[in-house]
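Q: For reference, the sequence and a predicted model appear below.
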Protein chains: 2
Amino acid sequence: MHRIAVEDYAAIIRGHLAALQTRPVELVPLALAAGRVTAVEVRSPIALPTFRNSQMDGFAVHASDLRSIPVRLPILGEIAAGAVDPAALPQGSAIAIMTGAPLPAGADAVVPVEDTRRTDGVVEILRGRDAGDYVREEGSDIAAGEVLLPAGLRLASRHLAALAAANLMDVAVRARVRVAVVSTGNELVAPGTPLTNGRLPDANGIAITAAVTAAGAEVVDVQLSGDDPARLGALLDRSIAAGAELILTSGGISMGAHEPVRQLLEPLGATVGTVDMQPGGPQAYARYRDVAVVCFPGNPVSSQLGFALFVAPPLRELAGMPPAVRRTLALAAPLQSTSGRRQFLRGRLTEDGGVATVAGPGSHLVAALAAADVLIDVPPEVIGLPVGATVDTVDL
Amino acid sequence: MHRIAVEDYAAIIRGHLAALQTRPVELVPLALAAGRVTAVEVRSPIALPTFRNSQMDGFAVHASDLRSIPVRLPILGEIAAGAVDPAALPQGSAIAIMTGAPLPAGADAVVPVEDTRRTDGVVEILRGRDAGDYVREEGSDIAAGEVLLPAGLRLASRHLAALAAANLMDVAVRARVRVAVVSTGNELVAPGTPLTNGRLPDANGIAITAAVTAAGAEVVDVQLSGDDPARLGALLDRSIAAGAELILTSGGISMGAHEPVRQLLEPLGATVGTVDMQPGGPQAYARYRDVAVVCFPGNPVSSQLGFALFVAPPLRELAGMPPAVRRTLALAAPLQSTSGRRQFLRGRLTEDGGVATVAGPGSHLVAALAAADVLIDVPPEVIGLPVGATVDTVDL
């Protein structure tokens, strides 16, 4: 691989991660299942509603008793929600009934309390109703054994409501992809360390961890490596021991003299090359002890971009999430680009629904990235675009 | 309050929750800050880049030495990333330099390694460069003391990258709104309990908890109450002891005989009424020991709808999240509605970008809600619409 198009490299990485698609299944309680993805379709063990019940507070009646309105009917008692096996309702009578309470045999309609007048054991019905009115039939929402939720669905509150209503305690979900994040570079220290002697804070450990989590996967290890390839190998061993199925490295893959990722992984068959984009051109991938490794450049802007373009899409798909939103927007300010390289410029949405670049193209502009809402995808042949020209964007 | 429009009730609840806008501030480590919202603007304590450095692996030079190309320059050594205070570069010489390494005094350009040929301590430069080329100036991303992030920003990975790059360990964020969820109804049991004797599984405890969490707030208590108002009061006391700033109840507010929420809170000044919508018309709100309470009907579809329309918008705003997406879509199937009431029908997106209703209007159709992608907002005067008619929708 020497110079490769963004889409082609994305396809390669998708293939490189194909083994992750076979996900173990976990049974998790509903209270912990929000955001997880159903592993198999879920069938309802029971009919919903589980029994024929009232849709309103009112009076259960025989609809045939309401042919002439108003009509006065004796009230035989009351059926509360949670009542069990109420006695059958004789023709020519009514019984007070609460929303959700079981309908007595014989009754076939409910008259809402608003359409009645009650006096001394008698209810006057002021409006006629047909059989079935305000009655929720057993199984009218779903029958026992029917599919309640499909496989591959990311669970939101309404899906959990349906699972709970079907009296399920647990749901079978796909195990999250377990990811390790390893930053490399002798100069890197944990953020907050005094920056003497040329030290730089490691931004990738925290930022790639957050990006992985936002893509629905789970970070099981975060490490910081110097420039020693042997030490890096020991850290990767540790990540694999921690259960990592995918290792994301940053730094150490370019043309310099101290490139530990390259030095460790190239002898093991890593593919190192340049994707036709700026920033984030240098990219690599490998297998280490049969675990997929994807390697980004060390600069936080480059590594965020590499993650967003190559790793986030397959992870989001496994997590049942939609792809990042792509839009065509009009430029609110002129744009300059470097000829010959596809640029992903950082853009900010404007009040009027357009987009403007934030700062320049440099991969070191991490504060500018933080101010951006989208990436503007500028083709290699473009060197400039005027206000009003349309550009393709990807939401950050 | 008797009968009130959706938008008016939404404004009332927004006002009812106004006190929540004053959020306590928490200092959280960056590794735990994803999804949290900056409490104040964050200024960078340092300039970024922190020192003048190379954008490429290559050779640092005096640009003025490149006037005639090719040119051969002696290599004085190498500057690695993390190097400290390199010696000044004399005119007429070059020094190998790694990406991110500090530029020596005197040098004002970097020639990428691709544009050079190296032999025995001498580098041949094949392409001219101007002063500043491939040099990242100190502070060119952000100056010390400049605003790095605004207040009220929901932190994503790129923001965390900027905070870490600025050598910050922690970030001041708004405390999440602490919410208690209380389901009421004698018939309700925890999901998974045998459904004998008219028992029904409580879906609201799990589903409202998930909805609150998805709206960026934090659930501190989840409880199940029978129909005894005194017992309900004791549960609300417990939720307040657990730190709840907002209590969401479901059930117990309609016209029936066993309405514990109404019985407890109406004497304390609760407002109970009907919002002009189906499902979820009956709604109430109150203060209990000065804590805001918002009361939904008991049916899971109604309570999910009430949460989505009235409580989610102010919570999402506090959590720095955008409002739910509203779209105008074309009907892929005819639609029927009940005259006289604004309906929020459950809709499913179709392959061709349209929308069709899922099942009927009943508030008991929780399986149908789980199959829906959007709510279709149908005005009260509409009784039917043909294929192709446009409707307003809100994403679920």
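A: Thanks, I have the structure now.
Q: low pLDDT regions in the stretch 151-300 of chain A?
A: A:256 (pLDDT under 70).
Q: Go again with 90.
A: By pLDDT under 90, the weakly predicted segments of the stretch 151-300 of chain A are A:186-187, A:196-199, A:254-258.
Q: residue in it nearest to chain B?
A: A:Glu187 (3.0 Å; CB to the nearest CB). Using the backbone N, CA and C atoms, a C-beta is placed for each residue, glycine as well.
Q: Can you tell me the closest non-neighbouring residue to that residue?
A: B:Gly82 (3.0 Å; CB to CB, 6 or more residues apart in numbering or on different chains).
Q: Could you pull out the helices in the stretch 101-250 of chain A for me?
A: A:157-165, A:204-214, A:229-241 (DSSP state H, counting those that start in this stretch).
Q: looking at these, which is buried most?
A: The highest mean neighbour count among the helices of the stretch 101-250 of chain A belongs to helix A:157-165 (a mean of 28), with neighbours defined as mean count of other CB atoms under 10 Å in any protein chain shown.
Q: Are it and chain B in contact anywhere?
A: Yes - taking CB under 8 Å from any CB of the partner chain as the criterion, helix A:157-165 and chain B are in contact, through A:157-165.
Q: what sits up against that helix?
A: A:30, A:33-34, A:42, A:48, A:148-149, A:153, A:155, A:171, B:191, B:201-208, B:210-211, B:214, B:300-301, B:304, B:307, B:366-367, B:369-370, B:372, B:396 (CB atoms under 8 Å, 6 or more residues apart in numbering or on different chains).
Q: before we move on, what about stretch A:27-39?
A: Among residues not part of stretch A:27-39, those counted as contacts by CB under 8 Å, 6+ apart are A:23, A:25-26, A:149-157, A:160, A:163-164, A:168-174, A:176, A:216, A:318-320, B:191, B:206, B:209-210, B:213-214, B:222.
Q: Of these, grab the buried ones for PyMOL.
A: A single PyMOL command is used to select the members of the contacts of stretch A:27-39 judged buried by 16 or more other CB atoms under 10 Å in any protein chain shown:
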select buried, (chain A and resi 26+149+153+154+155+156+157+160+163+164+168+169+170+171+172+173+174+176+216+318+319+320) or (chain B and resi 191+206+209+210+213+214+222)
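Q: Which ones among the contacts of stretch A:27-39 lie within strands?
A: Here DSSP state E is the test, and the contacts of stretch A:27-39 give A:25-26, A:149, A:170-174, B:222 as lying in strands.
Q: where are the low-confidence patches of the stretch 1-150 of chain A?
A: Across the stretch 1-150 of chain A, the stretches falling below the confidence threshold (pLDDT under 90) are A:1-3, A:55-57, A:80-85, A:98-100, A:120.
Q: wait, which of the helices of the stretch 101-250 of chain A is closest to B:Glu138?
A: Counting by CB to CB, B:Glu138 lies closest to helix A:204-214 out of the helices of the stretch 101-250 of chain A; the figure is 21.3 Å.
Q: which strands and helices sit next to that closest one?
A: Using 3 or more CB pairs under 8 Å, 6 or more residues apart in numbering or on different chains; DSSP states H and E as the contact definition, the elements that helix A:204-214 packs against are strand A:178-184, strand A:218-225, strand A:246-250, helix A:300-306, helix B:157-165.
Q: Throw the ones you listed into a markdown table and include distance to B:Leu66, thanks.
A: Shown next, in a markdown table, are these (distance: least, CB to CB, whole Å):
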| stretch | distance to B:Leu66 |
| --- | --- |
| strand A:178-184 | 32 |
| strand A:218-225 | 36 |
| strand A:246-250 | 32 |
| helix A:300-306 | 27 |
| helix B:157-165 | 32 |
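Q: so what's A:Arg118 bridging to?
A: Judged by DSSP bridges, the bridge partners of A:Arg118 are A:Val123.
Q: so how many other residues sit close to it?
A: Under the neighbour criterion other CB atoms under 10 Å in any protein chain shown, A:Arg118 is assigned a count of 13.
Q: And it, how far from chain B?
A: Distance, A:Arg118 to chain B, by CB to the nearest CB, to the nearest Å: 12 Å.
Q: Identify the residues contacting the residue nearest the centre of chain A.
A: Among the residues of chain A, the one closest to the centroid is A:Met321, at 4.0 Å (CA atoms, centre = their mean). Listed by CB under 8 Å, 6+ apart, the contact partners of A:Met321 are A:154, A:215-216.
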